[in-house]
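# For reference, the sequence and a predicted model appear below.
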Amino acid sequence: MLIDLLIAAIKALIVIGMVLPLAGILGWVERKGSALIQDRIGANRASIFGFAGAGLVNTLMADPLKFLTKEDVIPAGVDRLLHTLAPCIGLFPAIVAFAAVPFGDVLEVGGRVINLQAIGLNVGILYVLAMMSLGVYGVVLAGWASNNRFSLLGGIRGSAQMISYELGMGLAIVATVMTYGTLDLQAMVRAQGHLIGGWIPAWGIVYQPVAFLLFLIAGIAESKRVPFDLPEGESELVAGFFTEYSGIKYLMFFMTDFVDVAVVAALVTTLYFGGWQIPYLMRDGVHFPWGTVVALPQIVVVLLQLAAFMIKVLFFCWLQVLIRWSLPRYRYDQVMRLGWRGLLPVALLNVMATAVLVLALQG
Amino acid sequence: MSPLLFCILGAVLIASAFGVVLSTSPIRSALSLIVTLFFIAVEFLFLDAQLVAALQIVVYAGAIMVLFLFVIMLLNLQDDPQALAKLPLRAAGGCLGGLFLLAALHFFVKPGVGAGTGINTAVPDTFGSTETLGEMLFTHYLFAFEITSVLLLVAIIGAVVLAKKNLT
Amino acid sequence: MTEQYLPVLVTFAFSAAVVGLMVSLGRLLGPRHDSTEKGEAFECGNPASGSAWGRFSVKFYLTAILFIVFDVEVVFMYPWAVLFRRLGWFGFGEMTVFVAMLGVALLYVWRKGALEWD
């Protein structure tokens, strides 16, 4: 019992240790990446005695310290509890949603088989969806608790956008669940270790390319990134629903944005790109399709899979940053039109078509 | 240990339910209701109903409460500072309602039904799992399932009709 | 049962601790200089004009209701998605009837213009 508690605590700390620095580093990638894309230098002033640590000094030390020591301005006439609660309700579900993503297969230590997944529920993907649904409250409460009509408008628009795209996301996930026949994320990743015809890894993108596109679009819209960032509306609504926030609460909203990016990237890798799977790498070594088997010690396999997971997640985070700085912003009615009249029918048709195909091939 | 945790969570749940009723601000009431629903989902987990717990959060706490909040903000419901002054009257109403519920339960729930089944009765491992629920839903309760779709259709038509007058 | 839910509890506790730490550190470390100007609503320099509540469109309410209904539909599709191979063509037929009803609903809403300019 105590050992279980300890293992659970270590896994939770690993996940939090993965996601919070990742959110910070994404802030840096955003600034330097956008600078590269826009052909300028970007932020380069923060350094300790000339050592800028490739941006780590800026993001992990200077930025948080700056935000922590700024004054927390709470506007007059607002409900102070709600004002403080809103960024917490935004950030907390994002972090715990990331915890459900498996970052490795199993680790056998001292006779115990430890599943490398911080939260291993057998309704895993529904739990992730539930947490993302709870993230809506951060936005709507932030808008309301600001006593500012622009914040309120941004908050209500933002939450309406988020709930519209949750439908598309849910239906894309339904199609993926149909392919794997389970709601458990670790089981889905394990199922992607099979090889089709002995050669092609059975990753989700092979079976469900349409669902992958739908999920990616819906995920980007859900985390209110460009091209769907009108609720934040940088040049239109000041800062949208978090206009009246300063100091650490402002940082928490930004962190929610980046943790959402990380969650979407992690889910895309888990559902469609094999999660921690490396093609042909099994628990005891590499099994090439032409028969050669290269045996590897278990710890090497675990480390390779962990590295593969991180690389894939980082790739999709970078992809979202690239999309952000390449596309102009959608107008709000265009956003809602895409969600209700575009994604929803396409996702429904995708589910029905998948069902017909699978049943026809099976029967 | 599990029954103890169940009862502690139940106490917290009841406290947040009191928060719904006793709070002066409608937004705080809605937030208390969200917390209540969240803890109900956790209680479902204790009863081995995992799918229901997840769906409780996705649908109830994630969708219906968003609607509540939208309506509160749309109508700009103000705080009610007189709430505590009206408390004795409301408490009397609540007690009457509770007594009525107990009477109804006494008449409708026959004693002896389900006797011998307590919290610690062993249930099969697949009790609340998605597969079991799905099997029941699509075979035995098929008619209820299809009628649900008609019910949802009626709800949508009703909502559009109600809102349409203000849309144009 | 407990071995599934203990990690959830632990993760929730750690995340809540991290979030709580951030807010309390901000409250402790930041200066506090309250003034009436800082407390006013931000409108790019203009004085705050009127209360925070404008006339909000009923379309948001409609969006929320439509979301609930379609979310319930998606929620019904999850058990079917897990089991649909076992249920075969009969299950597919059931689900087609269900989706068709809600497809009619979506079509109705579309044609009625309730999905316009929101």
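Arrived safely, thanks for sending. Residues are numbered from 1 along each chain as shown, chains lettered A, B, ... in the order given.

# CA atoms only: put stretch A:117-135 into CSV for me.
C-alpha atoms of stretch A:117-135 as CSV (Å, rounded to 0.1, in the frame of the first residue of the first chain):
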residue,chain,number,x,y,z
GLN,A,117,1.3,6.2,-16.9
ALA,A,118,0.5,8.5,-14.0
ILE,A,119,-3.3,8.0,-14.2
GLY,A,120,-4.3,4.7,-15.6
LEU,A,121,-8.0,4.5,-15.7
ASN,A,122,-9.8,2.2,-18.0
VAL,A,123,-12.0,5.0,-19.2
GLY,A,124,-8.9,7.0,-19.9
ILE,A,125,-9.9,9.0,-22.9
LEU,A,126,-13.2,10.0,-21.4
TYR,A,127,-11.4,11.3,-18.3
VAL,A,128,-9.2,13.5,-20.6
LEU,A,129,-12.4,14.8,-22.3
ALA,A,130,-14.0,15.4,-18.9
MET,A,131,-11.0,17.5,-17.8
MET,A,132,-11.0,19.5,-21.0
SER,A,133,-14.7,20.2,-20.5
LEU,A,134,-13.9,21.6,-17.0
GLY,A,135,-11.4,23.9,-18.5
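
# Sort out which residues of it are buried, please.
A:117-135 (16 or more other C-beta atoms under 10 Å in any protein chain shown). In this view, the C-beta of every residue, glycine as well, is placed from N, C-alpha and C.

# Residues touching stretch A:340-357, excluding its own?
The contact list for stretch A:340-357, computed with C-beta atoms under 8 Å, 6 or more residues apart in numbering or on different chains, reads A:164-165, A:167-168, A:171-172, A:174-175, A:178-179, A:208, A:210-211, A:214, A:217-218, C:66, C:70, C:77, C:81, C:84, C:92, C:95-96, C:99, C:103, C:106, C:110, C:115.

# let me fix that: stretch A:193-206
Applying C-beta under 8 Å, 6+ apart, the contact partners of stretch A:193-206 are A:176, A:179, A:188, A:191-192, A:211-212, A:271-274, A:277, A:279-280, A:282, A:289.

# What separation is there between residue A:161 and chain B?
From residue A:161 over to chain B the distance is 12 Å, taken as C-beta to the nearest C-beta, to the nearest Å.

# where do the helices sit along the chain?
In the absence of a named chain, this looks at chain A. Taking DSSP state H to define them, one finds helices in chain A at A:2-37, A:56, A:63-68, A:80-98, A:124-134, A:136-144, A:149-180, A:185-191, A:204-207, A:209-222, A:248-272, A:298-324, A:332-337, A:344-362.

# not what I meant, chain C
Under DSSP H, chain C gives helices at C:2-29, C:36-39, C:59-111.

# got it, and chain B?
For chain B, applying DSSP H gives helices covering B:2-22, B:26-46, B:50-55, B:65-75, B:87-108, B:130-139, B:142-167.

# Which one of those helices lies nearest to residue C:23?
Among the helices of chain B, the nearest to residue C:23 by C-beta to C-beta is helix B:26-46 (16.6 Å).

# okay, the angle between that closest one and helix B:65-75?
Helix B:26-46 and helix B:65-75 are oriented at 170 degrees to each other (axes from the mean of the first three to the mean of the last three C-alpha atoms, to 10 degrees).

# residues in contact with residue A:140?
Shown in contact with residue A:140 (C-beta under 8 Å, 6+ apart): A:155-156, A:158-159, B:66, B:69-70, B:73.

# mind checking how far it is from residue A:305?
Remark: distance between residue A:140 and residue A:305 (C-beta to C-beta, to the nearest Å) = 39 Å.

# What degree of burial does residue 60 show, as a neighbour count?
Going with chain A. Other residues within reach of residue A:60, judged by other C-beta atoms under 10 Å in any protein chain shown, total 17.

# Wait, chain C was what I had in mind.
Burial of residue C:60 is recorded as 19 neighbouring residues (other C-beta under 10 Å).

# Quick one: residues contacting residue 138.
Here I'm looking at chain A. Shown in contact with residue A:138 (C-beta under 8 Å, 6+ apart): A:86-91, A:93, A:253, A:256.

# my bad, the chain I had in mind was chain B
So residue B:138 contacts B:145, C:79-80, C:83, C:87, C:91, C:94 (C-beta under 8 Å, 6+ apart).
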